[in-house]
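Visitor: Let me see the structure of the following:
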Amino acid sequence: MTIVFQIKQYREKTAGFTLVETTIAVAVISLLLVTSYPAFSRAKISANEASAQKGLLTFRDAFVMFQISDPNFSYPANFSILGDLVQGFSSSSDSSVTVERHGYTYTLSNVTQTTYTITAQPTQSGVTGERTFVIDQNGAVKLVDDSVTGNLADDWSRLSPSGFKRGYGHSEYEPQKGVFKLFWNYTNFLGQVIDNVIIAIERTQFGGAALGAKLISDGKILKSAKSDEKVDYYHIGQVEKGQKVEFAEELRWDKPVNGGWWYARSINAYAQKKPK
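Guide: Next up is the predicted model:
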């Protein structure tokens, strides 16, 4: 009986996991999560982008079917008119020109009796998707080119400061790393969707041995497609009515800056002019 009792006591003392074993298990699980998340995120984005292209083709077929059955042979003015022709898309209102599915927002524009345009844009850029796709009455899915095109003087108009208002967020300065960030935001108060917007940063003074600036919006680095000695133009794409676009203007130096910095500039927003 003594041996049996001792065995029972030993099992009671050694039952479960020790603190060290639990710590090691948690560390291993955390490491697996950290290493696997980027691959999972990339797979999710790829799946959403593939779904977005298929979604545009689904709308194309639905628009053709609607046009054939319509007495005036016209395309639908909004998504809700399609009814059962398209399944699985959630609409915010009965007459909505925007719907969402699988991390993408679909926006209907340029609707006439013979034309339409549907743009599929990531609901969260860099999180639910990275690329923007578009389809029109010609029936082919195209990748939206993010580069700035056209002559700024002739093809672009400066947005009204009251209609597309800029706000200052905050700043971050890391002198030892030679990094300074200014956080800004633009809000569309125009009451309409702006199809194509660029931000122009005009540098009037640039000091402190600074190398240059880059713009980051919603986690995505915006490349300057057009620039000259004093101005960089950054494309931020479509902006919905009431939408706030946040971006960080990041300045970097080749060496840690001692004695301060100075950087004066103007930031303006432009929209592509509508064809006459």
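
Visitor: Which parts of the stretch 101-250 of the chain are helices?
Guide: Applying DSSP state H, counting those that start in this stretch to the stretch 101-250 of the chain gives helices spanning 152-155.

Visitor: got the residue ranges for the strands in it?
Guide: Counting by DSSP state E, counting those that start in this stretch, the stretch 101-250 of the chain has these strands, from start to end: 104-109, 117-122, 133-136, 142-143, 156-158, 164-174, 179-188, 194-206, 210-217, 220-222, 224-227, 231-239, 244-253.

Visitor: Rebuild these as a markdown table, extending it with mean neighbour count and mean pLDDT.
Guide: All C-beta atoms are positioned from the backbone trio N, CA, C, and that covers glycine. Converted to a markdown table, these look like this (neighbours: other Cβ atoms under 10 Å; pLDDT from 0 to 100):
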| stretch | mean neighbour count | mean pLDDT |
| --- | --- | --- |
| strand 104-109 | 21 | 88 |
| strand 117-122 | 22 | 88 |
| strand 133-136 | 20 | 88 |
| strand 142-143 | 12 | 82 |
| strand 156-158 | 15 | 87 |
| strand 164-174 | 13 | 84 |
| strand 179-188 | 18 | 84 |
| strand 194-206 | 18 | 76 |
| strand 210-217 | 17 | 58 |
| strand 220-222 | 16 | 56 |
| strand 224-227 | 16 | 54 |
| strand 231-239 | 21 | 79 |
| strand 244-253 | 17 | 78 |
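
Visitor: nearest to Q53, of those?
Guide: strand 133-136 (5.7 Å; Cβ to Cβ).

Visitor: rewinding a little: would you list the strands of the stretch 101-250 of the chain in CSV and tack on distance to G55?
Guide: Putting these into CSV (distance: least, Cβ to Cβ, whole Å) gives the following:
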stretch, distance to G55
strand 104-109, 7
strand 117-122, 6
strand 133-136, 9
strand 142-143, 14
strand 156-158, 31
strand 164-174, 29
strand 179-188, 25
strand 194-206, 20
strand 210-217, 24
strand 220-222, 22
strand 224-227, 28
strand 231-239, 17
strand 244-253, 24
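
Visitor: quick one, domains of the chain?
Guide: Listed domain ranges for the chain are 40-143, 152-272 (source: automatic domain parsing).

Visitor: of all these, which lies closest to A25?
Guide: Closest to A25 of the domains of the chain is domain 40-143 (Cβ to Cβ; 21.1 Å).

Visitor: Out of the strands of the stretch 101-250 of the chain, which gets nearest to V26?
Guide: Closest approach to V26 among the strands of the stretch 101-250 of the chain (Cβ to Cβ): strand 164-174, 31.8 Å.

Visitor: Just the CA coordinates for that closest one, please, in PDB.
Guide: The C-alpha coordinates for strand 164-174 follow below in PDB (Å, rounded to 0.1, in the frame of the first residue of the first chain):
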ATOM      1  CA  PHE A 164     -11.100  68.900 -50.600                       C
ATOM      2  CA  LYS A 165      -9.800  70.100 -47.200                       C
ATOM      3  CA  ARG A 166      -6.300  69.300 -45.900                       C
ATOM      4  CA  GLY A 167      -5.700  68.700 -42.200                       C
ATOM      5  CA  TYR A 168      -2.500  68.200 -40.200                       C
ATOM      6  CA  GLY A 169      -2.200  65.200 -38.000                       C
ATOM      7  CA  HIS A 170       1.100  65.000 -36.100                       C
ATOM      8  CA  SER A 171       4.800  64.600 -36.600                       C
ATOM      9  CA  GLU A 172       7.500  62.100 -35.600                       C
ATOM     10  CA  TYR A 173      11.200  62.900 -35.400                       C
ATOM     11  CA  GLU A 174      14.000  60.300 -34.900                       C
END
